[in-house]
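# just the structure for this:
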Amino acid sequence: MKRRWMASFLLLLSLTFVSGCWDQKSIQDLNYLSALGIDYVNNEYVLYAQSADLSTVAKQESPGTSKPPIVVSIGRGETLQGAMDNMQKNAQIPLFSGFVSTLIYHERMLKKDILPTFDILNRYGLLRYTKWVFGTKEPIAEVLSNHSITGFSPLTSLLHQPQDVYKQRSFIEPIRYYTFISRFWEPSNTVIMPNISIYTQAWKENNNYISRLTIDGVHTIYRGKWNGFFPSQDLLGLRWLNPHTEFAGLIIRENNKPKATLRILSVRVEIIPIQTGVDPRFRILVHLNGFVREIMGSVKADFIQKDAEKQIEKQIRATFLKGIKAGTDLYGLEEALYKHDLGAWKQFAKDHSRKLTADALAEVSVNVRLSDSGKMKLNWYHYPDHLLP
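Take a look at the predicted model:
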């Protein structure tokens, strides 16, 4: 009997060490952060955090036209952790950063040095490597406060789901944080970071213009340092050297008049070093598949193909020269040299100030294959005169 009592006592005593769910928090008692922004102003880190109402994330049963609220928290500090502490000091409920899907660097932060931000972003386990990374010139608070389309969740937007928009119009590819980090630490790579900004002249609501987010250029980072900003109009050739291009447009003109619209479906690129050493030169081979999306006049398939090849080559060269003028290797030609001949790359990179020159692009060969013309033949249809009286 004594043993039974002793066993019962030990069993009850062991239950006191079982944690159970004593520290459980209900989902409504946490503030879920969805995006972070980092700026550097007046010798201080400024940290911005976007949080959205969870009730707006899921589809609502009853239709509504009101815009879901977005809350932006702001913290400042001598260090990034200090800025985070300052933000948490004023929080009414605990902040949870495990669902952060976007990171924005202001251009001021990029120009200063983003390397110190890596420590806390990588050391803190809740911040995942799958988040999207953007740069911006706009006030970060305004970017994070910009709403998605009325009736949609704030998380259904270019800021949090840029890949869906890119599939419809492949121009500047969004980048994940893990890709950004891996390219950042490769000394031969030039990191291409999309720039997100606010555009106010494209959408109207109740006949009034409303703001929307757009990607209108890129920031480049080379060997850990900000290497310049390039607007979209300087980057027309970038899409033709990106194997992830899925849907890019091209207008075919004859005598400066539009004749057809071409859509590129896939891109295959080969970058071949043909001269190594301190003055490397490269040959670029580009193979593209496309289909005719629109016909606006009598035009032959051969003309469409040749004009497309001519335009693409011209755009590739123009974008390359824009980068070279600013001291930036937009196409990653140096990376091709690094992979092809490490010894030759070391010889080139031994002088840290050495950059590629304008004659580094020795040859550009473009081959466009027209796969189809959609549901219609490659013809221009005139009104049938024989039907007239």
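
# next one: stretch 161-175 to chain centre, how far?
On the basis of Cα atoms, centre = their mean, to the nearest Å, stretch 161-175 sits 7 Å off its chain's mean C-alpha point.

# ah, wrong one, I meant stretch 81-94
On Cα atoms, centre = their mean, the centre of stretch 81-94 falls 28 Å from that of its chain.

# pLDDT averaged over that stretch, what's the number?
The average pLDDT for stretch 81-94 rounds to 84.

# show residues contacting it.
With contacts defined as Cβ atoms under 8 Å, 6 or more residues apart in numbering, stretch 81-94 is touched by 25, 29-31, 44-47, 49, 73-77, 95, 120. Where C-beta positions appear, they are placed from N, C-alpha and C, glycine not excepted.

# buried stuff in that stretch?
Gln81, Ala83, Met84, Asn86, Met87 (16 or more other Cβ atoms under 10 Å).

# how close does the first one get to Thr357?
Right, Gln81. Between Gln81 and Thr357 the distance is 43 Å, computed by Cβ to Cβ, to the nearest Å.

# swap in the second one?
When distance is defined by Cβ to Cβ, Ala83 is 42 Å away from Thr357.

# Ile104 - that's part of a helix, no?
No: under DSSP: H, G, I helix; E, B strand; the rest coil, Ile104 falls outside any helix and is assigned strand.

# measure it to Phe180 for me?
12 Å.

# shared neighbours of these two, anything?
Val133.

# more neighbours: which of the two?
More crowded of Ile104 and Phe180, by other Cβ atoms under 10 Å: Ile104, with 24 against 19.

# okay but the more buried one is in contact with Asn146, surely?
No: contact criterion Cβ atoms under 8 Å: Ile104 and Asn146 do not qualify, at 11.6 Å.

# domain ranges for the chain?
27-233, 236-379 (automatic domain parsing).

# what about the first one, distance to the chain center?
If you compare the mean C-alpha spot of domain 27-233 with that of the full chain, they lie 11 Å apart, counting by Cα atoms, centre = their mean.

# stretch 270-286 too?
27 Å.

# can you give me the buried ones in it?
Ile271, Pro273, Thr276, Pro280, Arg281, Phe282, Ile284, Val286.

# report the beta-bridge partners for the fifth one.
With DSSP bridges applied, Arg281 shows beta-bridge pairing to Gln275.

# show the contacting residues for it.
Arg281 touches Pro273, Ile274, Gln275, Asp359, Ala360, Leu361, Ala362, counting by Cβ under 8 Å, 6+ apart.

# for the helix or strand hosting the first one, the distance to its chain's centre please.
By that I understand Pro273. For Pro273, the element it lies in under DSSP states H and E is strand 257-275. Chain-centre distance of strand 257-275: 21 Å, with Cα atoms, centre = their mean.

# for it, packing partners?
strand 248-254, strand 281-295, helix 301-325, helix 333-340, strand 361-372 (3 or more Cβ pairs under 8 Å, 6 or more residues apart in numbering; DSSP states H and E).

# the same query, at a cut-off of 7 Å, please.
Of the remaining helices and strands, those touching strand 257-275 by 3 or more Cβ pairs under 7 Å, 6 or more residues apart in numbering; DSSP states H and E are strand 248-254, strand 281-295, helix 301-325, helix 333-340.

# let me know which of those is tucked in deepest.
For the helices and strands packed on strand 257-275, the largest average neighbour count (mean count of other Cβ atoms under 10 Å) is found in helix 333-340, namely a mean of 20.

# next structured bit after that helix?
Using DSSP H and E, the helix or strand that follows helix 333-340 in sequence is helix 342-349.

# list the buried residues of that next one.
Ala344, Trp345, Gln347, Phe348, Ala349.

# swap in stretch 345-364?
Result for stretch 345-364 [16+ other Cβ under 10 Å]: buried residues Trp345, Gln347, Phe348, Ala349, Leu356, Ala360, Leu361, Val364.

# got JSON lines for those residues, with distance to Gly37 too?
Formatted as JSON lines, the buried residues of stretch 345-364 follow (distance: Cβ to Cβ, whole Å):
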{"residue": "Trp345", "distance to Gly37": "36"}
{"residue": "Gln347", "distance to Gly37": "41"}
{"residue": "Phe348", "distance to Gly37": "37"}
{"residue": "Ala349", "distance to Gly37": "34"}
{"residue": "Leu356", "distance to Gly37": "33"}
{"residue": "Ala360", "distance to Gly37": "36"}
{"residue": "Leu361", "distance to Gly37": "37"}
{"residue": "Val364", "distance to Gly37": "39"}
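
# and which of those residues is nearest Leu236?
Ranked by distance to Leu236 (Cβ to Cβ), those are led by Val364 at 13.7 Å.

# ok, that closest one to Leu333 distance?
Val364 is 12 Å from Leu333, by Cβ to Cβ.

# now swap in Gln88 and tell me
Taken as Cβ to Cβ, the span from Gln88 to Leu333 is 45 Å.

# also Pro116?
Distance from Pro116 to Leu333, by Cβ to Cβ: 30 Å.

# any regions of this structure where pLDDT drops low?
1-3, 7, 9-10, 12-29, 53-68, 147-152, 204, 375-376, 380-383, 387-389 (pLDDT under 70).

# quick one: the helices in it, in order.
With DSSP state H, the ranges of helices along the chain come out as 2-15, 80-89, 107-112, 115-123, 140-145, 162-168, 177-184, 301-325, 333-340, 342-349.

# could I get the ones you listed as CSV with distance to Asp234?
Listed next are those as CSV, based on distance: least, Cβ to Cβ, whole Å:
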stretch, distance to Asp234
helix 2-15, 68
helix 80-89, 32
helix 107-112, 16
helix 115-123, 27
helix 140-145, 22
helix 162-168, 19
helix 177-184, 20
helix 301-325, 4
helix 333-340, 17
helix 342-349, 25
